[in-house]
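>>> curious how this folds, go ahead:
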Amino acid sequence: MVALHPVTRVPVDGLPDTALTPSVQPVLVPAVRYTSEAFARREEEQVWPRVWQVACTADHVPEPGDFYEYRCGPLAVLIVRGADGQLRAFQNACRHRGNTICQGAGGGLTELRCGFHRWVYDLDGHLREVPSRRGFGPGFRNEDFGLFPVQIDSWGPLVFVNLDVAAPPLADYLEGVPGDSAWAALEEFQCQYALTMPVESNWKVVAEGFSETYHVQGIHPEMVASIDDLHAPQKLWGNCGVSYQAYGVPNPRLGRDVADAVVWESMVLTQGGRFGVDVEPAGPDGGGPVVPPLPRVPEGGTVREVIADRIRALQAARGVELSRYSTDQLLTLSQYNLFPNVTVLVWGDMLNVLVARPGATADSALFVAWTFHRLAPGARRTRIEDIALPPGADMGTVLSEDLALLRTAQRGLHQPGLVHIALSNEECRVINLHRNLERYLGIEPSEMLPI
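Residues are numbered from 1 along each chain as shown. The predicted model follows:
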């Protein structure tokens, strides 16, 4: 089976070739990886405590004294911005009896005080005060009972943690991704929305849904006319991969003579908010959504350039200058996948981050979506709070279609005849997820079908 998407493989020192190289043959992945509670416990013990995970954004903890509790399964990490402005992270457990110190998120802290027996820590994790300390004996020393540190680092506005203090630094983990995306200046983005929603599927089903474009023709019919999902080059490092997808262009699946109005309608239905075009929910006869007509396309110009100009105009009204970014940079999506569970969508004007976190069972997960826009010059970051959505809440046309498939996909994975799923070379970023999962769990690579 030959991929339509060209794949570039970037060698990374210390990683086996199987973690880098997608097969040119179908790859079989055991379905039990998505349904087994025992397998989920192995991930809980051998993967999540050892990998870099995106925990929050800089806008969750912008000021000294701000804190955020990150949870992943049974793991809980407390992220605090100290009086010196530095971010620090600790295992969220008091050294006395293990009680959680802070829950949720907030600000204004000058100390970390356990609510159980009132042990007090500085914002840098050092134990400062122990009530009735005489009972602990003369050999008790505060310096021996500080909070357990967790590695913490940032990429752009994203804050990552790793409970393994001996793990390689985040810069090594992200490999070529920061350099590949440097043109977009991610540090300029500020989080506008932070949404979380419980979903009825394994976390890998969620993550894999945002790791390939093979599904566009199936569940996103309104998107097909404005994306070239057939010629989307992909690149794999070791932990990370990327796909580059052109938007605002006619889809080759539709033939050679696709009218500009068809591309425009598709873009308005799926991304109209990016360029300030609203869709009427229904026509006067109760029919489908009404899309405003295509503006005049200048002679020699393209509908893609019309859309890009509208994006620039909308951002200019917000005080953000985008003249430095070409039409291609505004309308070509760089879709980065970071092992194990993060998708980062980079555009010239917008940044989206989608995260799949494990739930209480193998059949449940938490879906997290963050939307960023560029900060206007001179603007300050303000603390943002997570918005918890109920299952099935509307998250926009495209995301809602993606999420609606999760329950049926998970149910199908439980069927006794489905021993394996089969992956194509086009789904090389999904294969890469499993290659890395196998590496962390120390298990044999997924099988390949003979040609």
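>>> show me the helices in the stretch 201-350 of the chain, by range?
Assigned by DSSP state H, counting those that start in this stretch, the stretch 201-350 of the chain shows helices spanning 203-209, 216-219, 260-271, 303-317, 327-331.
>>> so which elements touch the second one?
What it means is helix 216-219. Other elements packing on helix 216-219 under the criterion 3 or more Cβ pairs under 8 Å, 6 or more residues apart in numbering; DSSP states H and E are helix 397-413. Placement of C-beta: from N, CA and C, glycine included.
>>> now the angle from the helix it packs on to helix 260-271?
70 degrees (axes from the mean of the first three to the mean of the last three Cα atoms, to 10 degrees).
>>> how far off centre is whichever helix or strand comes after helix 397-413?
Downstream of helix 397-413, the next assigned helix or strand under DSSP states H and E is strand 420-423. The chain centroid and the centroid of strand 420-423 are separated by 24 Å under Cα atoms, centre = their mean, to the nearest Å.
>>> given strand 420-423, what are its sheet partners and their directions?
Sheet pairing for strand 420-423, assigned by DSSP bridges, gives strand 27-30 (antiparallel).
>>> can I get the helix or strand following the partner strand as PDB, trimmed to CA atoms?
Toward the C-terminal end, the helix or strand that comes next after strand 27-30 (DSSP H and E) is helix 32-35. Below are the C-alpha coordinates for helix 32-35, written out as PDB (Å, rounded to 0.1, in the frame of the first residue of the first chain):
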ATOM      1  CA  VAL A  32      -7.300  -4.900  23.300                       C
ATOM      2  CA  ARG A  33      -5.000  -1.900  23.700                       C
ATOM      3  CA  TYR A  34      -8.200   0.300  23.700                       C
ATOM      4  CA  THR A  35     -10.500  -1.800  25.800                       C
END
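>>> buried residues in whichever helix or strand comes after helix 32-35?
Of the helices and strands lying after helix 32-35 in sequence (DSSP H and E), the nearest is helix 37-46. Residues Phe39, Ala40, Arg42, Glu43 are the ones in helix 37-46 that count as buried (16 or more other Cβ atoms under 10 Å).
>>> what about Leu269, distance to Phe210?
According to Cβ to Cβ, to the nearest Å, Leu269 and Phe210 sit 20 Å apart.
>>> again, but for Leu433
To Phe210, Leu433 is 11 Å away according to Cβ to Cβ.
>>> repeat that for Asp153.
Distance from Asp153 to Phe210, counting by Cβ to Cβ: 23 Å.
>>> of those two, who's got more company?
Comparing Asp153 with Phe210 by other Cβ atoms under 10 Å, the one with more neighbours is Phe210, at 23 against 17.
>>> sorry, back to before: TSV please, covering the helices of the stretch 201-350 of the chain and showing mean neighbour count and mean pLDDT.
Formatted as TSV, the helices of the stretch 201-350 of the chain follow (neighbours: other Cβ atoms under 10 Å; pLDDT from 0 to 100):
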stretch	mean neighbour count	mean pLDDT
helix 203-209	24	97
helix 216-219	14	82
helix 260-271	21	94
helix 303-317	19	97
helix 327-331	20	97
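>>> could those helices go into a markdown table alongside distance to Pro168?
Output for the helices of the stretch 201-350 of the chain, formatted as a markdown table (distance: least, Cβ to Cβ, whole Å):
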| stretch | distance to Pro168 |
| --- | --- |
| helix 203-209 | 22 |
| helix 216-219 | 35 |
| helix 260-271 | 37 |
| helix 303-317 | 37 |
| helix 327-331 | 31 |
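>>> list residues touching both of Leu433 and Phe210?
Taking Cβ atoms under 8 Å, 6 or more residues apart in numbering as the contact rule, Leu433 and Phe210 both touch Asn337.
>>> tell me the domain ranges of this structure?
7-48+175-448, 53-166 (automatic domain parsing).
>>> looking at these, which has the lowest confidence?
Lowest mean pLDDT of these: domain 7-48+175-448, a mean of 91.
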